[in-house]
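Q: below are the sequence and a predicted model; questions follow.
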Amino acid sequence: MPTDLPGLYYDPEKNRYFPLKGPIPGSSRARSASSSASSQDPVSKSIQVSTCRKPGRRPTKLLQARELSGNVIASGKGKFNFQEEYQKAQVCQPMVWKYEGTDRIADAALESIQVNLQTPEGQTETEALLTGGVNGSLCLFETGKVGHRFNNWIKCIPDCVRPPTSEDQPECSMKAPGYIWRSTAALQMSSNISSITNSSRTFDGGFRFQNAMITTLGSETYGGSVYLLNLMEPLNLDQSLDPLRQRLYKIALLKCTIWTGDYNSDSRRAVIGTNMGAALVNLETGVPSWVCQCKSDVLSLQLGHSGNTVICGLRNGAIVTVDIRERKREFSDRFTKHRIPYPSHRNSEPQSRASAARKYNNKWLELKGKIYPSRTVFMPSSISCLVSLRLYDQYFLGGSMDGLINLYDHRLLKRGPVQSYEGHVNTHSHIQLGVDSSERFVLSGGEDKYTRIWSIKSGELLFKNKFSDAVPTAVCWNRYNESWLGSQGGLFCMRWS
């Protein structure tokens, strides 16, 4: 067994040491350890869950402190960075609007996109929102304030739901986001929508390649499908036909359930998570090829930034890293079998005799594929969502169906999570995590119908509020750092001053 060396970590696959760059600047491993220790104490855990940052320092006070002290602000609790504290102060006090007429059309998936529209005055680029419902409805919303130019689109009016109009919060008041516009009828897919992924790439000369991939869950009579939505050419919203129907192409129909998918424009391949494992789908031919086979459903996955790996979140709580690079033809097509032991705490939990017998025969996770066993980590329950960070490409967020949200480092998975985020409520739902473009904050809804925002670095709960009558299950951020949330009760827009 290789010994631990200060400042280095050992990679067993490559059989060598690599320099350890350390955690995300501003985070604390000591805090993570204390957090995990305190999570075993029900008293301290209940205190942490109910704790949320109170808007102590107002933005005006922070601006005054910066004028006097510079970017480093001193207080009785220590020194703080002005920019970080100012952003936290804003996140603590968002305004939220609910849009009328958006029930049950954005509770499965949300994706913010930029599209070119053909208007009477010519082409114009605008913001749009692609939404998917559990009932299989696919909708396109124009959110960039040019939808009024089209006659056959429905106007959706925002209604402020937070803060209540009776409250006097002058620093939170801001201009409403305005109307959004959607087509008269949603496009009905073959089954429930399970994921929407947008991919764009800008080339020299300003040419932008942009498509969106949509996957459907499947039903008892047929499996899930993979669709590609062409967004390269301008959309003409004045046409009588639905613009989505004209641009949507079915790529593949599989004989299995498709839970999730991911795709980027640098490759003509997409990766999907199914009830049989993970598979690559050639977007030109529609031919799937398995990269990971297992008996546990792949409920969530994320492509690595290099495009060579994918992390898969399984129903049994495992998070595995799979190499998806093409194998050489001279090698055998047979998959390598792996048997990875479950954590000891899973086998020591109280259980009945029948379940104990099943556990005795299932102490090992069996997988087929090019798996990295040393990069496997387990969460206590099914994985509901995975999000890879781009600015810190060795880190990813994982959420499970027992309310846990953790931050992991690919290089140090055996040491457990780098950071944990307390207060999330989830027992069985497929709830998404949303990360802003600066990767400072993570947002998620809960089964208690509360929406929460945490600081990624510190794990601090910054915002907790119940403004929806249904569970906010879908979330995304646009390039202006506005947050969109979808639930069965409707579509919400969250803004900060």
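A: Everything's here; your move.
Q: could you use CA atoms for every contact and neighbour count after this?
A: Will do.
Q: beta partners for Leu130?
A: Beta-bridge partners of Leu130, counted by DSSP bridges, are Glu111, Leu140.
Q: for burial, what's the neighbour tally of it?
A: 19 (other CA atoms under 10 Å).
Q: so it touches Glu111, yeah?
A: Yes: Leu130 sits in contact with Glu111 when judged by CA atoms under 8 Å, with a separation of 5.2 Å.
Q: which neighbours do the two share?
A: Common neighbours of Leu130 and Glu111 (criterion: CA atoms under 8 Å, 6 or more residues apart in numbering): Ile196.
Q: Asn426 is in contact with Ile405, isn't it?
A: No: under the contact definition of CA under 8 Å, Asn426 does not touch Ile405, with a separation of 10.1 Å.
Q: what's the average pLDDT for stretch 303-316?
A: Here the mean pLDDT over stretch 303-316 is 93, rounded to a whole number.
Q: again with stretch 104-113
A: Averaged across stretch 104-113, the pLDDT comes to 94.
Q: if we can go back for a sec, who's more crowded, Asn426 and Ile405?
A: More crowded of Asn426 and Ile405, by other CA under 10 Å: Ile405, with 28 against 19.
Q: that one against Gly398, yeah?
A: Yes: counting by CA under 8 Å, Gly398 is a contact partner of Ile405 at 5.7 Å.
Q: distance of Glu127 from Tyr480?
A: The spacing between Glu127 and Tyr480, counted by CA to CA, to the nearest Å, is 10 Å.
Q: who has more neighbours, the two?
A: For Glu127 and Tyr480, the more surrounded residue by other CA under 10 Å is Glu127, and the numbers stand at 19 against 10.
Q: go through stretch 442-450 and flag the buried ones.
A: For stretch 442-450, the neighbour count (16 or more other CA atoms under 10 Å) marks 442-447, 449-450 as buried.
Q: sorry, that was for stretch 245-264
A: Under the neighbour-count criterion of 16+ other CA under 10 Å, stretch 245-264 has 248, 251-254, 256-264 buried.
Q: tell me which of these fall in strands.
A: In strands, defined here by DSSP state E, the members of these are 248, 251-253, 258-263.
Q: the closest residue to Cys493 other than its chain neighbours: which element?
A: Spatial nearest neighbour of Cys493, chain neighbours left out: Trp484 (4.7 Å); criterion: CA to CA, 6 or more residues apart in numbering. In this assignment (DSSP states H and E), Trp484 forms part of strand 483-487.
Q: centroid-nearest residue for this protein?
A: Relative to the mean C-alpha position of the chain, the nearest C-alpha, by CA atoms, centre = their mean, is the one of Leu433, at 4.0 Å.
Q: that one contacts Phe441, correct?
A: No: between Leu433 and Phe441 no contact is recorded; they are 10.3 Å apart, counting by CA under 8 Å.
Q: quick one: the strands in the stretch 351-497 of the chain?
A: Under the criterion DSSP state E, counting those that start in this stretch, strands of the stretch 351-497 of the chain are mapped to 364-369, 377-378, 383-388, 395-400, 405-409, 419-420, 434-435, 441-445, 451-455, 461-465, 474-477, 483-487, 490-495.
Q: between those strands, which one is nearest to Met95?
A: With CA to CA, the closest approach to Met95 among the strands of the stretch 351-497 of the chain belongs to strand 490-495: 5.4 Å.
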